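Novice: Okay, here's the prediction I keep looking at, along with the sequence it came from:
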Amino acid sequence: MEDDFSKALRQTAELMDRELREFLPLNEGLERQLYEAMRYSVLSGGKRLRALLVIQAADLFSVPRLHSTRVASAIEMVHSYSLIHDDLPCMDDDDLRRGLPTVHRKFDEATAVLAGDALQSLAFEIIANAKTHSSAEVRIKLAGSLAQAIGARGMVGGQTMDMYAGDDDIDIVTITRLQQMKTGALITFACEAGAILGHASPPQQQALKAYAHDLGLAFQIADDILDAEGSPEEMGKATGKDAAAGKATFVSLMGLEEARIHAAMLVDQAIKHLEIFGPKADLLRHAARFAIERRN
Ligand code: GRG
């Protein structure tokens, strides 16, 4: 039988598919291919973990779903943009994503760059819209925090470190910082967004931030473990791509067993940070376990 968390994740995925389709109607003009590429990327079956985090964090403060769903859509757009650009020949040069041809393979490279750019812009357009929250202050906080999370001090900075770090530059401290910026910052923003929408108190904000920090790191370690083991998603793709490319990963630096233990410790720590929310935060607790138990 489907457990509460699997049900919530499935419902979030269904909700996101509906919302994202609405934000990205088909276009018959000369820009038709751009819209097709944007839809292709955002509707290709991601897990929607970031969307679930926004919605569940916002639910702690009884934020209307209408609001949290819009922010969740914006985050999924940013996530899609980062994956499209990450797959480009000038970056990771991947042919497959979620078992399907990557956007530059399905369309072309220029379309992939432009689709990523347009998804990022649309995310900010959605956040700035009054339907997302009636308070302009809340909208500004959301936009500012998202910009910070995905810019040079966050995701883009982490991606840059990942691309240009040499073998000798990477130790556990550096890879932790790199991954916190590259994948952790957007995951942290997802939880922070729930707190911003819900006018959370400083201790509540701090608890969610600490939870997201540990969850994000555990998620990335789990990704390295799946990569090293060859997850179902990696079928048809070189196994252990990062390791095969000579890039340091948590697994190459710590070993598989130590990486597993470290990820499990981070999940326990993440769950402890949620104590102040009581049973209301149970789905967030499950989300932390899911980060390391997932198979893709
Ligand atoms: C190119 C600006 C720019 C940024 C790229 C996030 C990122 C930075 C690259 C992603 C590289 C990667 C595959 C990292 C591993 C962890 C990760 C983010 C996996 C993908 O996220 P999931 O598993 O994806 O949540 P789904 O498919 O479920 O949406």
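Specialist: Nice, I can see it.
Novice: Quick one: name the residues of the stretch 51-200 of the chain near the ligand.
Specialist: Counting by CB under 6 Å from any ligand atom, the positions of the stretch 51-200 of the chain adjacent to the ligand are 79, 82, 83, 85, 86, 91, 98, 155, 156, 159, 182, 183. Placement of C-beta: from N, CA and C, glycine included.
Novice: So which of those residues sit within strands?
Specialist: If you go by DSSP state E, those have nothing in strands.
Novice: What ranges does this protein have for its strands?
Specialist: Using DSSP E, strands in the chain cover 96-97, 100-101.
Novice: nearest to residue 1, of the ones you listed?
Specialist: Residue 1 lies closest to strand 100-101 among these, at 30.1 Å (CB to CB).
Novice: Partner strands of that closest one, with direction?
Specialist: Applying DSSP bridges, strand 100-101 is found paired with strand 96-97 (antiparallel).
Novice: Pick out the residue in this structure sitting closest to the ligand.
Specialist: Per CB to the nearest ligand atom, residue 46 is where the chain lies closest to the ligand, at 2.6 Å.
Novice: Would you reformat the strands of the chain as a markdown table and include mean neighbour count and mean pLDDT?
Specialist: Formatted as a markdown table, the strands of the chain follow (neighbours: other CB atoms under 10 Å; pLDDT from 0 to 100):
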| stretch | mean neighbour count | mean pLDDT |
| --- | --- | --- |
| strand 96-97 | 18 | 98 |
| strand 100-101 | 14 | 98 |
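Novice: now those strands as JSON lines including distance to residue 216?
Specialist: Formatted as JSON lines, these follow (distance: least, CB to CB, whole Å):
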{"stretch": "strand 96-97", "distance to residue 216": "20"}
{"stretch": "strand 100-101", "distance to residue 216": "25"}
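Novice: And these: which comes nearest residue 41?
Specialist: Proximity to residue 41 (CB to CB) singles out strand 96-97 among these, at 8.2 Å.
Novice: I'd like the distance from the closest one to the chain centre, please.
Specialist: Centroid separation between strand 96-97 and its chain, computed with CA atoms, centre = their mean, to the nearest Å, is 16 Å.
Novice: thought residue 94 was touching residue 101?
Specialist: No - Residue 94 lies out of contact with residue 101 (CB atoms under 8 Å); the separation is 9.7 Å.
Novice: contacting residues for residue 44?
Specialist: Contact partners of residue 44, counting by CB atoms under 8 Å, 6 or more residues apart in numbering, are 97, 98, 100.
Novice: so how far is residue 17 from it?
Specialist: According to CB to CB, to the nearest Å, residue 44 and residue 17 sit 10 Å apart.
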